[in-house]
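> Turn this into a structure:
(one chain, ligands or ions: 1)
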Amino acid sequence: METKREQWGTRFGFIMAAAGSAVGLGNIWRFPYLTGANGGGAFILIYLGFIFLIGSTVMLAEFTVGRMTQKAAVGAYKSVSRNWTFAGVMGVLSAFLIMGFYPVVGGWATAYILKSVTGLLSDSAAIGDAFGAFISAPIQPLLWTVLFMLFNIFIVIRGVGKGIEMASKVLMPLLIILLLSVAGYGLTLPGAQEGIRFLFVPDFSAVTGNTFLSALGQAFFSLSLGMGCMVTYGSYLPKDSKLPSSAGVVTVMDTFFAILAGVAIFPALFAFGMEPAVGPGLVFVVVPQIFARMGFIGPVLSLVFFVALMIAALTSSVSLLEVVVAYLMDEKKWQRSKAVIATGLVMLVLCSLASLSLGIWSGWTIPGLGVGFFDFFDILTDKVFLAIGGLFLAVFAGFQLKKEDLYRELTNHGETTFPLFDAWYFLLKFIVPVAIGIVAIFGLLDIEQPVLMITGLVIIGLLALFSKKL
Ligand code: PHE
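Model prediction:
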């Protein structure tokens with residue numbers, strides 16, 4: 001018996017869910033440290049260019065493909081042509097890989113909520129070592145990851161409307177309030193303008209080929225593109241909802257949150273004379289160090305900040321889990337509950353590998369690749385799979401689907417108008433593939449892990465050959 005496809009209850013609910021997926025660790029954890037490491041304003045400028053030219057175009061294409069086919073990642077491609085199945089499978093694989101490290105960081109954020117008020121901030125000099133000791137311990141971070149995964153399972157098992165939508169409608173407005181309060185406080189500190197200058201005045205001397213690849217990968221990661229997530233969310237849209245404005249709103253919200261996270265961190269960072277280019281430890285080391293210098297308000301702001309980080313991570317990881325769950329429900333006819341639990345367990349195993357690769361296995365790297373599991377999952381998805389997944393989606397929508405069909409879907413069969421259709425179609429068909437191609441070549445010439453990139457391409461090739469039956 002075919003049951004009716006689940007749907008979003010309201011437009012607001014859908015936008016909160018899609019923005020919830022987009023706004024996540026990518027915005028609050030990764031965007032600030034990439035910005036710090038790549039010269040501030042120059043990186044942001046390149047990133048913004050990618051977001052608005054490429055990201056919003058691909059996002060609208062993903063919504064359209066999802067609603068048109070009424071299918072999640074794999075089914076959307078497969079229902080049009082079996083030759084394209086591999087591109088959907090690549091999305092499901094990306095979901096597993098991202099969920100192989102994302103909940104680990106989500107677990108750290110959850111732990112830091114508690115640590116904020118249990119003495120972490122009392123000795124500012126010890127915060128760095130404390131973070132190192134925490135993430136490299138074998139058991140403790142894993143327990144937090146399990147807790148974070150349980151939140152995910154709890155939400156996704158309740159389904160699209162009662163689970164994901166309901167959670168997002170409550171958590172996203174809360175997230176704005178929390179981050180605004182931290183950013184607002186940071187701006188009042190003496191010396192804060194230095195941080196604003198760092199964020200908004202470009203210094204191109206730190207820009208290399210790799211900067212473009214990082215910015216492009218970050219654009220896809222941050223907007224949840226290139227792996228079927230927005231296709232899946234689009235497949236739950238009612239036929240009368242407006243796609244172009246939704247894609248616009250979600251893109252703008254995601255960008256707003258990234259900048260807001262920057263404003264929450266950099267002004268305070270410069271106010272206390274600290275270094276911006278510290279890498280992934282930025283929000284777990286430097287940010288607590290900043291709070292530690294603020295006196296009694298410090299622990300309160302720290303608590304608020306890490307609740308925000310956890311919420312942002314949670315509304316994103318549920319969307320990653322949903323990509324796999326929706327695939328199993330659509331294509332393998334699994335029950336939602338079975339799909340959620342089985343998928344959650346596999347993801348937990350991957351997370352254990354990732355977490356241990358930062359601790360007791362930190363000396364060990366995957367033979368030939370030179371990185372451990374955590375970095376492998378992260379770099380492979382962020383630098384290879386997502387951008388190439390976005391390229392496939394653009395080529396699929398631009399060359400495999402018919403222009404009239406896209407137009408009809410985008411205008412709700414003539415009920416609404418979309419004056420920018422021709423511009424969007426041109427971007428999708430020509431600019432997006434060419435831009436991704438150029439950036440990929442640029443990046444490959446200036447890449448730190450060539451073997452890893454090639455491994456990614458080989459995996460994609462194997463999928464193309466062997467995934468027709470999935
Ligand atoms: N967009 C999320 C973030 O910025 C991560 C994500 C990537 C979620 C891909 C879903 C799909 O943290």
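> which parts of the longest helix along the chain are buried?
Taking DSSP state H as the criterion, the chain has its longest helix at helix 297-332. The neighbour-count check on helix 297-332 (16 or more other C-beta atoms under 10 Å) flags 298-331 as buried. For the C-beta atoms, the positions are set from N, CA and C on the backbone; glycine is no exception.
> avg pLDDT for it?
Averaging pLDDT along helix 297-332 gives 97.
> wait, does it contact the ligand?
Yes. Against the ligand, helix 297-332 shows contacts by C-beta under 6 Å from any ligand atom at S316, S319, L320.
> so where is the stretch 251-400 of the chain shaky, pLDDT-wise?
In the prediction, the stretch 251-400 of the chain carries no residues with pLDDT under 70.
> Quick one: name the residues of it near the ligand.
Counting by C-beta under 6 Å from any ligand atom, the stretch 251-400 of the chain sits next to the ligand at S316, S319, L320.
> Which one of these is nearest to the ligand?
Using C-beta to the nearest ligand atom, the shortest approach to the ligand within these belongs to S316, at 4.0 Å.
> which residues sit in contact with the residue lying closest to that closest one once chain neighbours are set aside?
Once flanking residues are discounted, S316 sits nearest to G24: 3.1 Å by C-beta to C-beta, 6 or more residues apart in numbering. By C-beta atoms under 8 Å, 6 or more residues apart in numbering, G24 lies in contact with Y102, S222, S224, A312, A313, T315, S316, S317.
> Now for the last one: which residues touch it?
This points to S317. Listed by C-beta under 8 Å, 6+ apart, the contact set of S317 reads G24, M99, Y102, P103, G106, F148, N152.
> That one and I311: what is the separation?
Going from S317 to I311 by C-beta to C-beta, to the nearest Å gives 11 Å.
> cool, D378 as well?
21 Å.
> Likewise for L401?
Per C-beta to C-beta, L401 is found 36 Å from I311.
> same check, this time on Q218
20 Å.
> Kindly report the same for A277.
27 Å.
> do the same with G91
For G91, the distance to I311 - C-beta to C-beta - is 25 Å.
> ok, now W334?
29 Å.
> go on, V285?
21 Å.
> Same question for A95.
A95 is 20 Å from I311, by C-beta to C-beta.
> For the stretch 101-250 of the chain, just list every one of the helices.
Using DSSP state H, counting those that start in this stretch, the helices found in the stretch 101-250 of the chain span residues 102-116, 127-136, 140-157, 166-187, 193-200, 209-222, 229-234, 243-271.
> Tell me which of those helices is the most buried.
Among those, ranked by average contacts under mean count of other C-beta atoms under 10 Å, first place goes to helix 229-234 (a mean of 30).
> which helices and strands does that helix pack with?
The criterion is 3 or more C-beta pairs under 8 Å, 6 or more residues apart in numbering; DSSP states H and E, and the helices and strands that helix 229-234 contacts are helix 11-22, helix 56-69, helix 73-78, helix 85-98, helix 297-332.
> To K169, which of those helices lies closest?
Taking C-beta to C-beta, helix 11-22 is the member of these nearest to K169, at 5.0 Å.
> what does that closest one contact?
8, 161, 164-169, 171-173, 222-224, 229-230, 233, 236-237, 241-242, 246, 249-251, 253-254, 315-316, 318-319.
> go on, stretch 460-470?
Here stretch 460-470 has contacts from V74, R82, N83, T85, F86, V89, M90, L93, E331, V384, F385, I388, using C-beta under 8 Å, 6+ apart.
> In space, what's closest to S352 - neighbours in sequence excluded?
Distances taken as C-beta to C-beta, 6+ apart put L142 closest to S352, at 6.0 Å, once the chain neighbours are dropped.
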